[in-house]
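> Quick check, what structure comes out for this input:
(2 chains)
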Amino acid sequence: MSVALIVIAILLVVGFYVMGVYNSLQTLLTQIEASIQEIGNQLKRQANLIPNLQSSVKAFLKQEKSIFEMLTQARKSVDKAMVDTSAKSLEAAEKQIQAVLPKLQVLVEDNPELKSNETIQQFMSELRDTADKLTYARRALIDLTQNFNQKLVTFPSNLVANIFGFKKQKGLVTPLSGEHIEVSASETGDVKVDL
Amino acid sequence: MNFYQQIASNKRKSWLIVSSFFVFVCVVVYVFAQVLGYGSEAAGLALIVAGFSSFIGYNFSDRVVLSLSGARPAARDKDFEFYTVTENLCLGSRLPMPKLYVIDDTAMNAFATGRNPDKAVVCATTGLLSRLNRTELEGVIAHELSHIKNYDIRLMSIVAVMVGLIALLSDFFLRWGMFGGSRRDNKENHGGGVIILVVGLFLAILSPIIAQLIKLSISRQREFLADASAAKMTNYPAGLASALAKLSSDREPLEAANKATAHLYIVSPLKGGKSVGNWLANLFNTHPPIEERIKRLKAM
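You can find the predicted model right below:
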């Protein structure tokens, strides 16, 4: 009688534990998906800043034909990405924006007139902010994935994960080997700055 | 230790302190009950009184603090850095956006309050906003958001209830226990009665101070935890470290702050004299010494 009760109690505890792990893994999966969408969302926000920028720096950009053309090009691919919303075209748009932003920065730095312009100032801080937003959106994805993957490999939640066949999540896709984690001989030397 | 380990170790330590505090409260209540003979009723009454006053503080602390501090709501266009930095950190740590306020004061400080992440408030002084760069500000805001994420305001309210309980009980004991006499029949416990009476008297005098000291040590532990969590949030401990260095060189006390709200700020807003490395002085501080905080951040 009492043995049966103990067995039932143990089964209940185990059952609740399995349910808890299963639900938290499923919840994390939806959160990971949402955080990926958030990255897309922030990419769009960054892209939307461009028309804004174009109108405010137009007068100064006339001499800098190449930058102006790059901006127009980037804007076009953003528009395209907005329509078909595929990851690929979004990525392509991002690449173009990333290529043109540093050039703009240089342009602003070189022109005191631009640098003191309040609209441009506001614009440059907006740019930094969007870049930060993208970083933080990615960090959310990294943290969530780490959380999920940790449950897959630590005991005893890994048992539950195995039963339901949960798969490791990729998170922010980064090559796990390559130059970014290697130090070349030239990088180990002292940094010399010519002023 | 990296910040994952620091977070885990600080969480373990603060639970150890909180649970030993709870045991301490139970012992004090038990001893008083033994001496007075009606301790459990007194403890119940004290718990209700202390709980009620802290509940008020807990639920309205944000409004009380803000009205005391004379803060104005922050706007995105006027306080661009403050607003967007908070927005970004919330995005990264998946917290709801807190309400932001600015105190017009040249002293550099910031605090967070609110009982849960949905009702949170983060407040910064104009002195802080104007003198920190964006990276440093990010560290400070991350520290404040960590207090919210770790439910420190809730924890400190619970601790305040226990401190209040002890204070009230000692008061009861010294007023009624000593002069009103015990209801218990003295014949029953002649030998042990004297000892427990002495222990009771001892505790009645010392326990409010001990409770206060434990409360302060919990507060300091939570500051270390918030620093470590902030380092994880921004992934850049040097930002907060450099902000703390700037804050420590600012010797101006914040006029809007008082003792009741001191534990909410990023650095102690009271700043009575120099911060000496004296352990006795540290015992009575809500915050660990800034040098020690910077040292730990740099080790991450």
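> now stretch B:8-23: mean pLDDT?
Averaged across stretch B:8-23, pLDDT comes to 83.
> Could you find the closest non-adjacent residue to residue 166?
No chain was given, so I picked chain A. residue A:25 (5.5 Å; CB to CB, 6 or more residues apart in numbering or on different chains). Glycine gets a C-beta too; all of them are placed from N, C-alpha and C.
> Hmm, no, I was thinking of chain B.
Per CB to CB, 6+ apart, closest to residue B:166 is residue B:211, 4.2 Å.
> and what of residue A:48?
residue A:78 (7.6 Å).
> what ranges do the strands span in chain B?
B:71-73, B:99-103, B:110-113, B:121-125 (DSSP state E).
> What is the third one packed up against?
To tie it back to what came earlier, the one meant is strand B:110-113. Packing partners of strand B:110-113 (3 or more CB pairs under 8 Å, 6 or more residues apart in numbering or on different chains; DSSP states H and E): helix B:39-69, strand B:121-125, helix B:134-149.
> Next: the second one.
Applying 3+ CB pairs under 8 Å, 6+ apart, we find strand B:99-103 packed against helix B:39-69, strand B:71-73, helix B:80-93, strand B:121-125, helix B:126-131.
> one more time with 7 Å
strand B:71-73, helix B:80-93, strand B:121-125 (3 or more CB pairs under 7 Å, 6 or more residues apart in numbering or on different chains; DSSP states H and E).
> Now do the same contact list for the closest residue to residue B:71 other than its chain neighbours.
Closest residue in space to residue B:71, ignoring its immediate chain neighbours: residue B:101 at 3.8 Å, by CB to CB, 6+ apart. Applying CB atoms under 7 Å, 6 or more residues apart in numbering or on different chains to residue B:101 gives the contacts B:66, B:71-74, B:121, B:123.
> circling back: just put the strands of chain B in CSV and tack on mean pLDDT and distance to residue B:203.
As requested, those are arranged in CSV below (pLDDT from 0 to 100; distance: least, CB to CB, whole Å):
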stretch, mean pLDDT, distance to residue B:203
strand B:71-73, 86, 41
strand B:99-103, 91, 41
strand B:110-113, 87, 33
strand B:121-125, 90, 38
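> Next, format those as JSON lines and append distance to residue B:282.
Listed next are these as JSON lines, based on distance: least, CB to CB, whole Å:
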{"stretch": "strand B:71-73", "distance to residue B:282": "30"}
{"stretch": "strand B:99-103", "distance to residue B:282": "27"}
{"stretch": "strand B:110-113", "distance to residue B:282": "21"}
{"stretch": "strand B:121-125", "distance to residue B:282": "25"}
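> give me phi/psi at residue A:167?
Main-chain dihedrals, residue A:167, degrees, to the nearest 10: phi -110, psi 150.
> pLDDT score assigned to whatever residue of the stretch 51-200 of chain B ends up closest to chain A?
Nearest to chain A, among the residues of the stretch 51-200 of chain B, is residue B:92, at 3.3 Å (CB to the nearest CB). Per-residue confidence (pLDDT) for residue B:92: 90.
> what about it, neighbour count?
The tally of other residues near residue B:92 (other CB atoms under 10 Å in any protein chain shown) stands at 25.
> nearest residue to it other than its sequence neighbours?
Residue B:92 sits nearest to residue A:136 (CB to CB, 6+ apart), 3.3 Å away.
> List the contacts of the residue of chain A found nearest chain B.
Using CB to the nearest CB, the closest approach of chain A to chain B is made by residue A:136 at 3.3 Å. Applying CB under 7 Å, 6+ apart, we find residue A:136 in contact with B:88-89, B:91-92.
> Now do it against residue B:200, distance only.
Taking CB to CB, to the nearest Å as the measure, residue A:136 falls 55 Å from residue B:200.
> Residue A:159 now?
52 Å.
> Any regions of chain B where pLDDT drops low?
B:1, B:36-40, B:42, B:53-54, B:57-59, B:61-65, B:68-69, B:176-193, B:255-261, B:271-281 (pLDDT under 70).
> residues from it in reach of chain A?
Listed as neighbours of chain A in chain B under the rule CB under 7 Å from any CB of the partner chain: B:80, B:84, B:88-89, B:91-92, B:94.
> Let's see that with 6 Å instead.
Within chain B, the positions adjacent to chain A are B:84, B:88, B:91-92, B:94 by CB under 6 Å from any CB of the partner chain.
> circling back to that earlier point, can you check which of the helices and strands packed on strand B:110-113 gets nearest to residue B:204?
helix B:39-69 (11.6 Å; CB to CB).
> tell me the centre residue of chain A?
For chain A, the residue nearest the mean C-alpha position is residue A:138 (3.0 Å; CA atoms, centre = their mean).
> Roughly how far does it sit from residue B:4?
19 Å.
> Residues contacting stretch B:149-163, please?
Outside stretch B:149-163, the residues that touch it by CB atoms under 6 Å, 6 or more residues apart in numbering or on different chains are B:25, B:50-51, B:54, B:58, B:113, B:115, B:211, B:215, B:218, B:222.
> Give me the neighbour count for residue A:26.
Residue A:26: 12 neighbours (other CB under 10 Å).
> nope, residue B:41 is what I meant
Residue B:41 has 11 nearby residues by other CB under 10 Å.
> and it, what does it touch?
With CB under 6 Å, 6+ apart, residue B:41 has no contacts at all.
> For stretch B:10-27, could you pull out the residues that count as buried?
Judged by neighbour count (16 or more other CB atoms under 10 Å in any protein chain shown), stretch B:10-27 contains these buried residues: B:10-11, B:13-14, B:17-18, B:21, B:24-25.
> By residue count, which helix of chain A is the longest?
If you go by DSSP state H, chain A has its longest helix at helix A:2-61.
> Give the next helix or strand downstream of that one.
helix A:65-84 (DSSP states H and E).
> Now do that next one: distance to the chain's middle.
Centroid displacement of helix A:65-84 relative to its chain, using CA atoms, centre = their mean, to the nearest Å, is 21 Å.
> helices and strands around it, which ones?
helix A:2-61, helix A:87-110 (3 or more CB pairs under 6 Å, 6 or more residues apart in numbering or on different chains; DSSP states H and E).
> what does chain A put close to chain B?
A:129, A:132-133, A:136-137, A:139-140.
> Now for the residues you listed: which two are most distant?
So, the residues of chain A next to chain B by CB to CB: farthest apart are A:129 and A:140, at 16.5 Å.
> Residues contacting stretch B:288-300, please?
B:3, B:220, B:223, B:227, B:231, B:237, B:240-241, B:244, B:248, B:275.
> Export those residues as CSV, with columns for neighbour count.
As requested, the contacts of stretch B:288-300 are exported to CSV (neighbours: other CB atoms under 10 Å in any protein chain shown):
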residue, neighbour count
B:3, 20
B:220, 21
B:223, 26
B:227, 28
B:231, 27
B:237, 23
B:240, 31
B:241, 21
B:244, 22
B:248, 17
B:275, 18
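> how near is residue B:208 to residue B:164?
10 Å.
> what about the nearest residue to residue B:93 once chain neighbours are set aside, distance to residue B:239?
Excluding its sequence neighbours, the residue lying closest to residue B:93 (CB to CB, 6+ apart) is residue B:233, at 5.3 Å. Distance of residue B:233 to residue B:239, computed by CB to CB: 10 Å.
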